[in-house]
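Visitor: Below are the sequence and a predicted model for it; my questions follow.
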Amino acid sequence: MEIEDVLVTGGAGFVGSRFVKELSETGMNVVAVDNCFAGDPTLLGDDIRFEQVDIQTKAFRDLVSTVNPDAIIHLAAIHYVPYCNENPEEAFDVNVMGTRSLLSAARTLPNLEAMIFASSAAVYPPRKGPNNEASETGPTDIYGRTKLIGEDLMELFAEQTNTSTVSTRLFNIYGPNETNEHLVPAVLKQVRSGKREIELGNLTPKRDFIHISDVTSALMTLLKGAEDGYNTYNVGTGTEYSVREVVEQTSDALGEEIEIRQDEERVRESDRPHLQADISKMRADFDWEPTVEFVDGLRDLLRQDDEVLVT
């Protein structure tokens, strides 16, 4: 499969901005699309073609037709779970109806070879132990439900168009330029401010944290190796850390002790106890492995701030 022209929705976001630059560095012609609800086009630099447009508009559908890409990477969505829970209609409108709008435009493309959809580990129900792609789904929040519907739409698109289509179930991503107040940036924000006793909510939930560079590596692997039909892949590390263990890893990265004080106002009743990836399918099909150890990823993030001394 020869991919030259790529369109990326959510291209100015946390994952999108990094992936767009990596695609461009390989020599591909890339168009980044974002409505800037959470995205920041300054992350892209001057060499990337950027279009500020909403994926539900006629302007977007016209743009898709004009670009006529060989591949589409669909990252655009409202991601932050608390926001989705507080604004369920908006989350459904953007994440589901926006995906429908994209696929409607994509059906008319004569050159489309590959479609990659950023789904989420939130499609899985609470369970102890790793989730594989054949595990039963059962989202517990609005965000996860919208992503599961998105997967269904992608599978139908693949069947009807014969386009190689992949849903990537992304686990908990961390790294530079994160645009939502998830756990890792919440911890690092307090540490960077000089605090060594930090305030957090639930301390026991465990998550599979994967560095953004490993996520974009997986996306590139899937883009270049996508097979005919529809496929689903987990993108994680296979290791989970509790909130306490995240702080311990941050302490190791910093070289200083960090204490935790539980803040009841930060506690989420909806937090599931476990969320862990089984990545054996990615290993078997593509010989892909994550490469960034959690403590190393945290250390690199801390080094970005000159006011924080990292040993």
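Guide: Done, it's in. Note that the structure is a prediction, hence the values are computed from the model and not measured.
Visitor: Tell me the pLDDT of the closest residue to Arg283 other than its chain neighbours.
Guide: Excluding the flanking residues, the one nearest Arg283 by CB to CB, 6 or more residues apart in numbering is Glu289, at 6.6 Å. (Each C-beta comes from the backbone N, C-alpha and C, glycine too.) What the model reports as pLDDT for Glu289 is 97.
Visitor: Do I have it right that Glu289 meets Gly238?
Guide: No. With contacts counted by CB atoms under 8 Å, Glu289 stays clear of Gly238, the gap being 9.5 Å.
Visitor: Tell me which of the two has more neighbours.
Guide: Per other CB atoms under 10 Å, whichever of Glu289 and Gly238 has more neighbours is Gly238, with 18 against 13.
Visitor: how about the more buried one, what does it touch?
Guide: By CB atoms under 8 Å, 6 or more residues apart in numbering, Gly238 lies in contact with Pro130, Asp208, Gln276, Ala277, Asp278, Ile279.
Visitor: For Thr66, the count of nearby residues, please.
Guide: 8.
Visitor: Tell me the confidence at it?
Guide: On the pLDDT scale, Thr66 is placed at 97.
Visitor: Ser167 now?
Guide: Predicted confidence (pLDDT) for Ser167: 98.
Visitor: And Ala38, by the same measure?
Guide: Per-residue pLDDT puts Ala38 at 90.
Visitor: Would you confirm that it contacts His79?
Guide: Yes. Using CB under 8 Å, Ala38 is in contact with His79, at 7.5 Å.
Visitor: Between those two, which is the more surrounded one?
Guide: More crowded of Ala38 and His79, by other CB under 10 Å: His79, with 25 against 18.
Visitor: Distance-wise, check Leu223 relative to Phe19.
Guide: Distance, Leu223 to Phe19, using CB to CB, to the nearest Å: 9 Å.
Visitor: Identify all contacting residues around the helix or strand where Val187 lies.
Guide: Using DSSP states H and E, Val187 falls within helix 183-192. Contacts with helix 183-192, where a contact means CB under 8 Å, 6+ apart, come from 172, 174, 178, 198-200, 207, 209, 243, 246-247, 250, 254, 258, 298, 301-302, 305, 307-308.
Visitor: as a whole number, average confidence for that helix?
Guide: pLDDT averaged over helix 183-192 gives 90.
Visitor: got the contact list for Ser17?
Guide: Gly11, Ala32, Gly39, Asp40, Leu43, Leu44, Asn177.
Visitor: Let me know the closest of those to Asp93.
Guide: When the contacts of Ser17 are ranked by distance to Asp93 (CB to CB), Gly39 comes first, at 17.5 Å.
Visitor: then the lengthiest helix in the chain to PDB, C-alphas only?
Guide: Longest helix in the chain, counting residues (DSSP state H): helix 142-161. This file holds the C-alpha atoms of helix 142-161, laid out as PDB (Å, rounded to 0.1, in the frame of the first residue of the first chain):
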ATOM      1  CA  ILE A 142     -20.500   8.300  27.900                       C
ATOM      2  CA  TYR A 143     -17.100   8.600  26.300                       C
ATOM      3  CA  GLY A 144     -16.600   4.900  26.100                       C
ATOM      4  CA  ARG A 145     -20.100   4.500  24.600                       C
ATOM      5  CA  THR A 146     -19.400   7.000  21.900                       C
ATOM      6  CA  LYS A 147     -16.200   5.200  21.000                       C
ATOM      7  CA  LEU A 148     -17.900   1.800  20.800                       C
ATOM      8  CA  ILE A 149     -20.500   3.300  18.400                       C
ATOM      9  CA  GLY A 150     -17.600   4.800  16.400                       C
ATOM     10  CA  GLU A 151     -16.100   1.300  16.100                       C
ATOM     11  CA  ASP A 152     -19.400  -0.100  14.800                       C
ATOM     12  CA  LEU A 153     -19.500   2.700  12.200                       C
ATOM     13  CA  MET A 154     -16.000   2.000  11.100                       C
ATOM     14  CA  GLU A 155     -16.600  -1.700  10.700                       C
ATOM     15  CA  LEU A 156     -19.700  -1.000   8.600                       C
ATOM     16  CA  PHE A 157     -17.600   1.500   6.500                       C
ATOM     17  CA  ALA A 158     -15.000  -1.200   5.900                       C
ATOM     18  CA  GLU A 159     -17.600  -3.700   4.800                       C
ATOM     19  CA  GLN A 160     -19.300  -1.200   2.400                       C
ATOM     20  CA  THR A 161     -16.200   0.400   0.800                       C
END
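Visitor: List the buried residues of that helix.
Guide: Going by neighbour count (16 or more other CB atoms under 10 Å), the buried part of helix 142-161 is 142-151, 153-155, 157-158, 161.
Visitor: For it, which helices and strands make contact with it?
Guide: On a contact count with 3 or more CB pairs under 8 Å, 6 or more residues apart in numbering; DSSP states H and E, helix 142-161 meets helix 81-86, helix 88-92, helix 98-106, strand 114-120, strand 164-170, strand 230-235.
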